[in-house]
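A.B. asks: fold the stuff below for me.
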Amino acid sequence: MSKSARPVSPVKPTAMELIFIYVCPFCRRELTMLAPTVAAIVQCDVCGKQFPVVPVEERTVTFVKLMLDNGAAAVDSDYM
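C.D. replies: The predicted model follows:
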């Protein structure tokens, strides 16, 4: 390592998102979606068929983000 290259300190998360998994009713492929808070029609990336998904409550997503301080409270305290 050269004298000018310093080790990079670990970076803490600055935000978080919730991912929900929906199973395609046609081919059983697991599709991931970022917290869909409105009803939508999605297309499976494997079989190409479309199907509706049930949305999640925005209040629940907000609550989880608030409880984890938008990811900061989820950091492993033994690591830091």
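
A.B. asks: contacts, neighbours, all on C-alpha from now
C.D. replies: Fine.

A.B. asks: all the helices of the protein, residue numbers only.
C.D. replies: 58-67 (DSSP state H).

A.B. asks: quick check on the nearest residue to residue 57 once chain neighbours are set aside: phi, psi?
C.D. replies: Nearest non-adjacent residue to residue 57, counting by CA to CA, 6 or more residues apart in numbering: residue 37, 6.0 Å away. The phi and psi values for residue 37, taken as degrees, to the nearest 10, are phi -100, psi 0.

A.B. asks: check contacts around residue 37.
C.D. replies: Applying CA atoms under 8 Å, 6 or more residues apart in numbering, we find residue 37 in contact with 55-58.

A.B. asks: for the chain, what spans make up the strands?
C.D. replies: 19-23, 30-34, 40-43, 50-53 (DSSP state E).

A.B. asks: would you put the C-alpha positions of the second one in CSV?
C.D. replies: Pointing back at strand 30-34 there. Output of strand 30-34 as CSV, limited to C-alpha atoms (Å, rounded to 0.1, in the frame of the first residue of the first chain):
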residue,chain,number,x,y,z
GLU,A,30,-40.7,-15.3,-7.0
LEU,A,31,-40.8,-11.6,-8.1
THR,A,32,-39.4,-8.9,-5.8
MET,A,33,-41.0,-5.5,-5.6
LEU,A,34,-40.1,-2.4,-3.6
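
A.B. asks: list the contacts of it.
C.D. replies: 17-24, 44.

A.B. asks: ok, now stretch 44-59?
C.D. replies: Contacts for stretch 44-59 (CA under 8 Å, 6+ apart): 22, 24-27, 29, 31, 35-43.

A.B. asks: and those, which is closest to residue 11?
C.D. replies: Distance to residue 11 across these (CA to CA) is lowest for residue 35, with 24.5 Å.
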